[in-house]
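Undergrad: sequence and predicted structure below; questions after.
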Amino acid sequence: MDLRVLRTFQAAAHLENFRETAERLGLSQPTVSAQVRELELELGEALFDRSGRRVRLNQAGQVFLTHAEQALKAYDLGRQAVRDHQRQAADHLAIAIAPEPARTLLPRALHRYCDLRPDARVSVEVVPSVQIPALVEGGTADLGIGQIAANPERYAVHCRELLHDRVVLVARHDGLDHDQAPAFWRNLISEQRLLSYGHPAYWPDLLQVLEHAGLHPRVLRVTQVELTRRLVEEGIGVSFLPERSVRRELLEGRLMEVPTPGLLLPAAPTFLILPHEPVSEPAKDFLEALRATLHLAAPLA
């Protein structure tokens, strides 16, 4: 049934005058008469008593009017709910991000974004990198920032390297001498535990580099870089970490970078993950804020 016919019937039922109904709805009087007749034929019952040019809602029409108005009200509420959802979705930005970029990249970029959009509605979900492609593909997140590239054969997303950090060997600062002999780093790795925070993007390559250098460290696997940093500060061991992730600790003197001459270390990449379909306006604005934060020349979207 055409909802326009129901609206015509509703107006005619209250006005009991097809000419006035036509004027109110911006229709011709024959159109109003035709729509009412169409409805009556569909229901198999006359809804108005007609006497010359006068019409009056009959008992069947009164019964049907209640249900017609309920249907129209339900439709209007549903349409408004969809519009509210679209408006909220258009103003909302959902970010899925791995713990380390959440600590090192997100604050400044988010600060720029909120300056650009003071009334922005933002949700940030900090999750392991392996979960981010699925969240972006499924629409739960508008964009993702992780430390593992999305598998193009598994996920329908765009993935590009956002940046890469230099990996450095860090150790507890106390009692260590920056001017030790060039082989100092080899002795350090041989004597202390090597703490890993399970970064799959560069850790396997790093272990191969160490193996080729004749080193077989005792690896203590830690799944969070925050805990890795803390354990290194406590002297539990040493670790190879992205420079960005330990910049504050190095500046504050809680950790020290140990030079590794002759050791070709891999880089630690960070990836931007976007959906295949065009990103929303809030996502575009955030990507611009992120580009400005990282001083990148090319746009990210």
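TA: Yep, that arrived.
Undergrad: how about the helices in this protein?
TA: If DSSP state H is used as the criterion, the helices of the chain fall at 3-15, 18-25, 29-43, 59-91, 99-104, 106-116, 132-137, 184-191, 203-212, 225-233, 243-251, 281-294.
Undergrad: so what's Arg50 bridging to?
TA: Residues in a beta bridge with Arg50, per DSSP bridges, are Val55.
Undergrad: I'd like to know how many residues surround it.
TA: 12 (other CB atoms under 10 Å). Quick note: C-beta positions are derived from backbone N, CA and C, even for glycine.
Undergrad: for it, give its distance to Asn17.
TA: 12 Å (CB to CB, to the nearest Å).
Undergrad: how far away from the center of its chain is stretch 253-272?
TA: 30 Å (CA atoms, centre = their mean, to the nearest Å).
Undergrad: whoops, I mixed them up, stretch 283-291
TA: Averaged C-alpha coordinates place stretch 283-291 at 12 Å from its chain's average position (CA atoms, centre = their mean).
Undergrad: name the residue most distant from the centre of this structure?
TA: Here the centre of the chain is the reference, and by CA atoms, centre = their mean the most remote residue is Gly52, at 64.3 Å.
Undergrad: next, give phi and psi for it.
TA: Backbone torsions for Gly52, taken as degrees, to the nearest 10, come to phi 70, psi -130.
Undergrad: related to what we said a few turns ago, nearest to Val258 among the helices of the chain would be which one?
TA: helix 184-191 (5.1 Å; CB to CB).
Undergrad: number of nearby residues for Tyr113?
TA: For Tyr113, using other CB under 10 Å, the count is 23.
Undergrad: from memory it sits against Val124, does it?
TA: No - using CB atoms under 8 Å, Tyr113 is not in contact with Val124; the gap is 11.2 Å.
Undergrad: how about the contacts made by the residue nearest the centre of the chain?
TA: In the chain, the centroid-proximal residue (CA atoms, centre = their mean) is Ala141; its distance is 2.4 Å. Neighbour list for Ala141: 94-96, 125, 132, 135 [criterion: CB atoms under 8 Å, 6 or more residues apart in numbering].
Undergrad: so which pair among those is furthest apart in space?
TA: Ala94 and Ile132, at 11.7 Å, using CB to CB across the contacts of Ala141.
Undergrad: between those two, tell me which one has more neighbours.
TA: Neighbour tally, Ala94 and Ile132, criterion other CB under 10 Å: the higher count belongs to Ile132, 28 against 21.
Undergrad: so the nearest residue to the more buried one once chain neighbours are set aside bridges to which residues?
TA: Excluding the flanking residues, the one nearest Ile132 by CB to CB, 6 or more residues apart in numbering is Gly144, at 3.8 Å. Gly144 forms beta bridges with Ala96, Ile273, as assigned by DSSP bridges.
Undergrad: not counting its neighbours along the chain, what's nearest Phe64?
TA: Excluding the flanking residues, the one nearest Phe64 by CB to CB, 6+ apart is Leu47, at 6.1 Å.
Undergrad: got a list of what the residue nearest to Ile189 when sequence neighbours are not counted touches?
TA: Counting by CB to CB, 6+ apart, Ile189 lies nearest to Pro217, which is 5.1 Å off, once chain neighbours are set aside. Going by CB under 8 Å, 6+ apart, Pro217 touches 189-190, 193-194, 210.
Undergrad: can you list the neighbours in contact with stretch 187-206?
TA: Residues contacting stretch 187-206 (CB under 8 Å, 6+ apart): 129, 147-149, 167, 169, 171, 210, 215, 217-225, 227-228, 231-232, 236-242, 258, 265-269.
Undergrad: drop anything exposed from these.
TA: Neighbour counting over the contacts of stretch 187-206 (16 or more other CB atoms under 10 Å) leaves 129, 147-148, 167, 169, 171, 210, 217, 222, 225, 228, 231-232, 236-242, 258, 265-266, 268-269 as the buried ones.
Undergrad: show me what contacts the spatially closest residue to Ala68 that is not a sequence neighbour?
TA: Distance criterion CB to CB, 6+ apart; nearest residue to Ala68, sequence neighbours excluded, is Leu6 at 5.0 Å. Listed by CB under 8 Å, 6+ apart, the contact partners of Leu6 are 39, 68, 71-72.
Undergrad: repeat that for 7 Å
TA: Shown in contact with Leu6 (CB atoms under 7 Å, 6 or more residues apart in numbering): 68, 71-72.
Undergrad: check His173 too.
TA: 253-256.
Undergrad: please apply the same query to Leu163.
TA: 270, 294.
Undergrad: for it, list each beta-bridge partner.
TA: Thr270.
Undergrad: show me which helix or strand of this structure is least confident by mean pLDDT.
TA: helix 59-91 (a mean of 77; mean pLDDT, DSSP states H and E).
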